[in-house]
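Student: Please find the sequence and the predicted model below.
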Amino acid sequence: MKKIVLVLVASLLLLGCTSETPKGNVAAPTEVGYQPTATASSPGEVTTTPEPKKDSYAFGETATTREGLEITVLGVKNVEKEEFTRTYNFSVVSVRVKNAGSEQNPFYAISPAMLDDRNQQYDQQLMFCPEPGEPSGNIYPGITKEFNLCFDRVSPEAKKVKIVLPVGLVERTNLVFVTDSGSIVDGGSING
């Protein structure tokens, strides 16, 4: 009986100590903003070193998620809309999402936010936002979608504006886009 136990323990130890060395460019899944670089210092040894994560993007710059979604905030314009006897003033944020990956990927930007350098957060406006509205669901490879997000109008005292897009349904990543308020254009009015 002792010989059987001894043989089993020795077998388990041998199995646990053997491994294959990875070959080629091996990289773990990365977060938004990471671009891994693989280096080999000796045959069979691969070291992956992530570059620093980018904290924010300028309007017009593209953030790429690890799933291959390329997300760009195109710009912001202030608009007004007359509805019955009231005029609504708000800011429209234009966003583009492209699936540059090889598989369909879900896109959900749940609870986006617009803030300024004066620590003011603007409420999202859903009722009168011009089409196209925010997409949700799967975006297939090679497909590009553009949509609008609407918020209360940016204060004229604001010098910088930040758009925060929480991307993902289960694993969320906050993509932050920043611009000077001087780049916000007056878009006129939207007919009802």
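Tutor: Ah, there it is.
Student: going forward, measure contacts and count neighbours with C-alpha atoms only.
Tutor: Will do.
Student: in this protein, which spans are helices?
Tutor: 2-17 (DSSP state H).
Student: Can you pull out the low-pLDDT segments for it?
Tutor: Where the chain drops to pLDDT under 70, the residues are 1-53, 135, 169, 188-192.
Student: And the strands in it, which stretches?
Tutor: According to DSSP state E, the chain carries its strands in the segments 37-39, 47-49, 57-58, 62-64, 69-83, 86-99, 105-107, 113-116, 121-122, 137-139, 144-152, 160-167, 173-180, 185-190.
Student: Does residue 152 touch residue 120 like I think?
Tutor: No. Shown here, residue 152 and residue 120 do not form a contact pair, counting by CA atoms under 8 Å, at 10.9 Å.
Student: And those two? Which one has more around it.
Tutor: For residue 152 versus residue 120, neighbours defined as other CA atoms under 10 Å are more numerous around residue 152 (17 against 13).
Student: okay, now the closest residue to that one other than its chain neighbours: neighbour count?
Tutor: In space, and not counting its chain neighbours, residue 152 is closest to residue 90: 4.5 Å by CA to CA, 6 or more residues apart in numbering. Close neighbours of residue 90, defined as other CA under 10 Å, add up to 22.
Student: so who does residue 90 touch?
Tutor: Residues near residue 90 by CA atoms under 8 Å, 6 or more residues apart in numbering: 78, 79, 80, 125, 150, 151, 152, 153, 154.
Student: run the last query once more with 10 Å
Tutor: Going by CA atoms under 10 Å, 6 or more residues apart in numbering, residue 90 touches 77-81, 122-125, 128-129, 150-154.
Student: which two in these are spaced the farthest apart?
Tutor: Between any two of those, the greatest separation by CA to CA is 17.6 Å, found for 81 and 122.
Student: Was I right to think residue 73 contacts residue 98?
Tutor: No. Using CA atoms under 10 Å, residue 73 is not in contact with residue 98, being 11.9 Å away.
Student: Between these two, tell me which one has more neighbours.
Tutor: residue 73 (26 against 20).
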